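Undergrad: Predicted model follows, preceded by the sequence.
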4 protein chains.
Amino acid sequence: MIVIVKPEATEKQIAHIVEKAEKLGLKAHISRGVERTIIGFIGPEDVLRVIPLEVFPGVERVIPVLSPYKLVSREFRREGSIVKIRNRLEVGGKKLIIMAGPCSVESLDSLLSVAKKIKAAGATVLRGGAFKPRTSPYDFQGLGEEGLKYMKQVGKECDLATVSEVMDPRDVELMDRYVDIFQIGARNMQNFSLLKEVGMTQKPVLLKRGLSATINDLLMSAEYILAKGNFNVMLCERGIRTFETATRNTLDINAVPVVKQKSHLPMIVDPSHGTGRWGLVGSIAKAAVAAGCDGLMIEVHENPEEAFSDGAQSLVPENFSELVGQLKKVALAVEREI
Amino acid sequence: MIVIVKPEATEKQIAHIVEKAEKLGLKAHISRGVERTIIGFIGPEDVLRVIPLEVFPGVERVIPVLSPYKLVSREFRREGSIVKIRNRLEVGGKKLIIMAGPCSVESLDSLLSVAKKIKAAGATVLRGGAFKPRTSPYDFQGLGEEGLKYMKQVGKECDLATVSEVMDPRDVELMDRYVDIFQIGARNMQNFSLLKEVGMTQKPVLLKRGLSATINDLLMSAEYILAKGNFNVMLCERGIRTFETATRNTLDINAVPVVKQKSHLPMIVDPSHGTGRWGLVGSIAKAAVAAGCDGLMIEVHENPEEAFSDGAQSLVPENFSELVGQLKKVALAVEREI
Amino acid sequence: MIVIVKPEATEKQIAHIVEKAEKLGLKAHISRGVERTIIGFIGPEDVLRVIPLEVFPGVERVIPVLSPYKLVSREFRREGSIVKIRNRLEVGGKKLIIMAGPCSVESLDSLLSVAKKIKAAGATVLRGGAFKPRTSPYDFQGLGEEGLKYMKQVGKECDLATVSEVMDPRDVELMDRYVDIFQIGARNMQNFSLLKEVGMTQKPVLLKRGLSATINDLLMSAEYILAKGNFNVMLCERGIRTFETATRNTLDINAVPVVKQKSHLPMIVDPSHGTGRWGLVGSIAKAAVAAGCDGLMIEVHENPEEAFSDGAQSLVPENFSELVGQLKKVALAVEREI
Amino acid sequence: MIVIVKPEATEKQIAHIVEKAEKLGLKAHISRGVERTIIGFIGPEDVLRVIPLEVFPGVERVIPVLSPYKLVSREFRREGSIVKIRNRLEVGGKKLIIMAGPCSVESLDSLLSVAKKIKAAGATVLRGGAFKPRTSPYDFQGLGEEGLKYMKQVGKECDLATVSEVMDPRDVELMDRYVDIFQIGARNMQNFSLLKEVGMTQKPVLLKRGLSATINDLLMSAEYILAKGNFNVMLCERGIRTFETATRNTLDINAVPVVKQKSHLPMIVDPSHGTGRWGLVGSIAKAAVAAGCDGLMIEVHENPEEAFSDGAQSLVPENFSELVGQLKKVALAVEREI
């Protein structure tokens, strides 16, 4: 922690700051410059972080030196983590994972049909929402447990792992019985009750970045899950909210290498939400692979015209299959595999 | 709903779109221009909103005509709503409401002490967090039910209504017993499970705008609560996330008159979170009153240096008291009262 | 300047950084912590700012201690500056300045007619664009020198000072002959050639904040003008670009007290561009006065339906006159005058 | 143009709007719905775009149907444009172009030395700034004409085309004699005087997207250049300003396929400014190629520690050379070439 002192600060004020820190077991180094004095604090920064040093008389600015996250950081674990799904699939290694399927589970038949096609195209995880976070209370809210049952049945029948969004801490136990991966959606990235709840399981979690979450915020939310004992976390870039209106969101491609530098956790990219338009999904999926992501999540629907949600950003299975073929080439070009 | 057709769209494609809409009971008006054809759909737009018209062949753009919210809109209720708190306080009328208190409840003594001072200064609602949404799992998470008990006791002793944040749908029942107003925080603005849960009570709700929520998003989240039957909702502007780093958030002052035009619900402003620095709170509180808000929520702490959270943005009681005096003058200048 | 050293940095790397700084006349203070070493540099930070310390081996992060601006800062001049216009009007004192008029100068008659009305309502500066920065090359680009002549003539006839936008360094000399205040528009806030050119005159400059400029960027652009010798600069908040689409821009009301804290320059607010809708202008103008601005710039047009540009955000003279009456009350409430 | 009428609008108001449009030669189609009436206008939308229909009594919202740009659109020219540089290099075809070099021209020797290395690595265009747009007036402002001379000499000696930023319309003629491509920087994207000036030459222009410019804004600025007769325009994504602080800017990768869909102009990506950190440049350069860009602009410096500007984001020649090798593989994977 570094404290920059106001030019007009008195010696007494400086002494007051130092004294406070020393009581907490920190050591202060004072550097007196011509225009500003700065104080560096050495020791466990955590104890200091909870003190609002900004309001101490004489303080101009406070600058933390260390990252506030621990368990998710590269410093904590130098090697990239491998998240295992059903003890069979691995995420974070040389091979990329492809998650695909409809935005919402709509019926058993339609789910089974699309699942077969995405499996044939090369996907290994089936996505499908049973509880849907919709901006409007009047929009389709998902099939609930019925949808989860379909997910489980189709996953088994097609030998696909499954991922579905959990929105309510009260549903964690229920969903745990049906799906292989918990998805925490963008709107719930800072739903701390929910994070703690999935943190108390050992099931893999796909944590999506919030619309206005910085990369640091995303890592802090993951920290909540790891701090509860669940290290099986995958992060997911799915676009942030900016002033640009030509796309639904702005996919922050920079987040891929930044997360890989800062954290050992695998990084998934969702080009469907990241663009909001199916005609852009292919380009951005290829970009994500080239940038070094560990997997993709792509919305696929057999008949987007009839989709209950997000039809505009869903690929039809034929386009998805063609895209996977292209992605394999891009993966090879960057020494990865699909 | 208006559909703009691509220049190269075929007659068959146009007929397909029209047919789809007519099946749903809508009537289509086609206008053929030199460069574009547009189709206007007349009828209940809601049924059409769930169809992803964007993906129909030949469609270039889809433009909704009606707002997606109903119950919260000015069209639904022309007169501004009055929210009653404990059948005594009214929010949304000529008189503005002042909510004040510490960010977190820290102890019974400190809460009682600050409550007496804010009461003397003119506040009528005591704020204080018992469950704290903290970015870091290692930061102070609140006193929980203990804190709620203090809130109730102090509220009673000082004759102040109380407001505290609810973060988990499982806590709604518990909190209902202790506080007079549920606060839904910015990070939970789209926690739809939580919105539905408080919607099933009749207790007043203070719904804070999310960091990246548009005004429409805020109104849609309020719609969730009203749709469940609870019309006692107050909205709260508390700053949005932008590129500006000089302040913690960017308080969107425009939101005050925009919300008052679009909705009948009362609009509260939180200049403490909206700026993040106590030295700015006074100016922005005055601005909010001048802009036409129905109340303010301000963080006050007797000793910000020792605050468990948000010390940097808390006023000391003396400054708060002085500020309320200034706010009264501004309120009079715009024909309101405090 | 503070340098945070990577945990794995070698002593040789640290020595290399220190050596570099000492060659430039700075003194280094090293604080060695358990997890990080930090180096504070004492001396003229400017010489160090041009060295890209971030790329030195072993460096994790570089943190400047001092603001990069000098002449515009409150530290340079404690008292607020008074900008004099035509040796008669003063901006930055107790009395607020009201600038009003059409977006574009359209004809001599219409300008004269509106000028008389804004004068009667209490404005002392006439605004009107002769060179218009339009997003589209096909939109009205302004009357050019003809428009400037009208501005001068009407200003004289109505005894109003005049302000008009300069977009091209080649026009500075020309405009100098016709108007009393140079306006630098948002899109040209970092047109450094233009800033230098107006910096070489002594004429007052109204510098508008760019759509994505931080407050620091705005101050740095003002620094360009002061550094050339022209201290007669007024800053102007006119809305920034965010994700919100309900308004044309998001007026950053926080910028008013922040600028007043950081700088001695007067701060003007433009609620017309800051909202983009005439129905919001009044609320935001009142908010700006309550927040502590030194003046307002408001678009007024006698017949917005026929305006060549920005009709949607223009007040009619009757509404403007009524608004000035309300603003006077708000100004008094915060111990200012209009 | 579509006009949505307020529910309370009178027949007279509707007639007034229609009459206005018909005077301008447009035809109005009225669709009366239960909740709203909408009016579609058929005819040359341009004449209507300058009328502020939003302020007509009874109007709720105005929605343009056509894009405001013409010459830059895919509809104007279905085939992608090929921009020729010195009648030898082509941009926009199967082969991607690599522009590389230092941020600023610093000396003849250093420029020559780095130029030889980027040429050997596979670049065909040398970048280097002679006029530098710096946020601070106290930072290095470039060598001016001296720098241009070095660019010309080194370009000739190494057989590299050259690109350098022009900031002032008065410098266009001068720069025209020295460099092969005009660069318009992000801060000048809406410097319309400058756009018009380069539009009056036939020299290729690299137009960088502004920090807060939408893709539409970028296309409109290009339209200014084409409208003056210069069709040799390349667009450049270089990152936009968002709330994320982990990177200097947020590179909007979505902009690559969006621009390729909307416009026939070539699209270049600058991963150096788009990230601001050399350690991220490689990943993002590969992503850009995979996404379908037509070329890259990358900062390369032999000794970033000593760079006069932007050292933190410059690659050393060895890393650049290695990166080009990787980019060739990615280009092949998406059926392009480097």
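TA: Structure received. Here the structure is a predicted model, which is why all the values come from computation and not from measurement.

Undergrad: Contact partners for the nearest residue to residue A:117 once chain neighbours are set aside?
TA: Nearest residue to residue A:117, sequence neighbours excluded (C-beta to C-beta, 6 or more residues apart in numbering or on different chains): residue A:317, at 3.8 Å. All C-beta spots, glycine's among them, are computed from the backbone N, C-alpha and C. Residues in contact with residue A:317 (C-beta atoms under 8 Å, 6 or more residues apart in numbering or on different chains) are A:114, A:117-118, A:121, A:300, A:302.

Undergrad: Within range of chain C, give me the residues from the stretch 151-300 of chain A.
TA: By the rule C-beta under 8 Å from any C-beta of the partner chain, the part of the stretch 151-300 of chain A lying against chain C is A:241-243, A:245.

Undergrad: Show me just the buried residues among these.
TA: A:241-243 (16 or more other C-beta atoms under 10 Å in any protein chain shown).

Undergrad: which among those gets closest to residue D:96?
TA: Nearest to residue D:96 out of these is residue A:242 (C-beta to C-beta; 26.7 Å).

Undergrad: Looking at strand pairing, list the partners for the closest residue to the closest one other than its chain neighbours.
TA: The spatial neighbour of residue A:242 that comes closest, neighbours along the chain excluded (C-beta to C-beta, 6+ apart), is residue A:250 at 4.4 Å. Judged by DSSP bridges, the bridge partners of residue A:250 are residue A:240.

Undergrad: ok, now which ones touch residue A:250?
TA: Contacts of residue A:250 (C-beta under 8 Å, 6+ apart): A:239-242, A:244, A:274, D:240, D:242, D:250, D:252, D:254.

Undergrad: Farthest-apart pair in the residues you listed, please.
TA: A:274 and D:240 (14.8 Å).

Undergrad: Show the subsequent helix or strand relative to the lowest-mean-pLDDT helix or strand in chain A.
TA: Every helix and strand in chain A was compared by mean pLDDT, DSSP states H and E; the lowest is helix A:45-49, with a mean of 66. Following helix A:45-49 in sequence order, the next helix or strand is strand A:59-63 (DSSP states H and E).

Undergrad: what comes into contact with that next one?
TA: Contacts for strand A:59-63 (C-beta under 8 Å, 6+ apart): A:1-6, A:9, A:17, A:36, A:53-54, C:2, C:63.

Undergrad: which ones among those are found in strands?
TA: Judged by DSSP state E, the contacts of strand A:59-63 include A:2-5, C:2, C:63 as members of strands.

Undergrad: Now for the residues you listed: which two are most distant?
TA: Pairwise distances across the ones in strands among the contacts of strand A:59-63 (C-beta to C-beta) peak at 14.4 Å, for the pair A:5 and C:63.

Undergrad: the more surrounded of the two?
TA: Higher neighbour count among residue A:5 and residue C:63: residue A:5, with 24 against 16, using other C-beta atoms under 10 Å in any protein chain shown.

Undergrad: how about the contacts of residue A:250 in TSV, adding pLDDT?
TA: Shown next, in TSV, are these (pLDDT from 0 to 100):
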residue	pLDDT
A:239	98
A:240	97
A:241	96
A:242	96
A:244	96
A:274	97
D:240	97
D:242	96
D:250	98
D:252	98
D:254	98
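
Undergrad: Is it possible to get CSV of these that adds distance to residue C:91?
TA: Shown next, in CSV, are the contacts of residue A:250 (distance: C-beta to C-beta, whole Å):
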residue, distance to residue C:91
A:239, 44
A:240, 39
A:241, 37
A:242, 35
A:244, 37
A:274, 47
D:240, 34
D:242, 34
D:250, 37
D:252, 39
D:254, 44
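
Undergrad: wait, which of the residues you listed is closest to chain C?
TA: residue A:241 (4.7 Å; C-beta to the nearest C-beta).

Undergrad: who touches that closest one in this structure?
TA: A:211-212, A:249-250, B:212, C:243.

Undergrad: List, one by one, the residues from chain A near chain D.
TA: Checking chain A against chain D by C-beta under 8 Å from any C-beta, the hits are A:212, A:214-216, A:240, A:242-247, A:250-258, A:261, A:274-275, A:279-280, A:283-284, A:286-292, A:326, A:329-330, A:332-334.

Undergrad: how about a cut-off of 7 Å?
TA: A:212, A:214-216, A:240, A:242-247, A:250-254, A:256-258, A:261, A:275, A:279-280, A:283-284, A:286-287, A:289-292, A:329-330, A:332-334 (C-beta under 7 Å from any C-beta of the partner chain).

Undergrad: Kindly write the PyMOL command that selects the buried subset of these.
TA: Applying 16+ other C-beta under 10 Å to these, the buried members can be selected in PyMOL as follows:
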select buried, chain A and resi 212+214+215+216+240+242+243+244+246+247+250+251+252+253+254+256+257+258+275+280+283+284+286+287+289+290+291+292+329+330+332+333+334
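
Undergrad: Make JSON lines out of the buried ones among the residues of the stretch 151-300 of chain A next to chain C and add distance to residue B:296.
TA: Shown next, in JSON lines, are these (distance: C-beta to C-beta, whole Å):
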{"residue": "A:241", "distance to residue B:296": "27"}
{"residue": "A:242", "distance to residue B:296": "30"}
{"residue": "A:243", "distance to residue B:296": "29"}
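
Undergrad: and residue A:30, that one's in a strand?
TA: Yes. Judged by DSSP: H, G, I helix; E, B strand; the rest coil, residue A:30 forms part of a strand.
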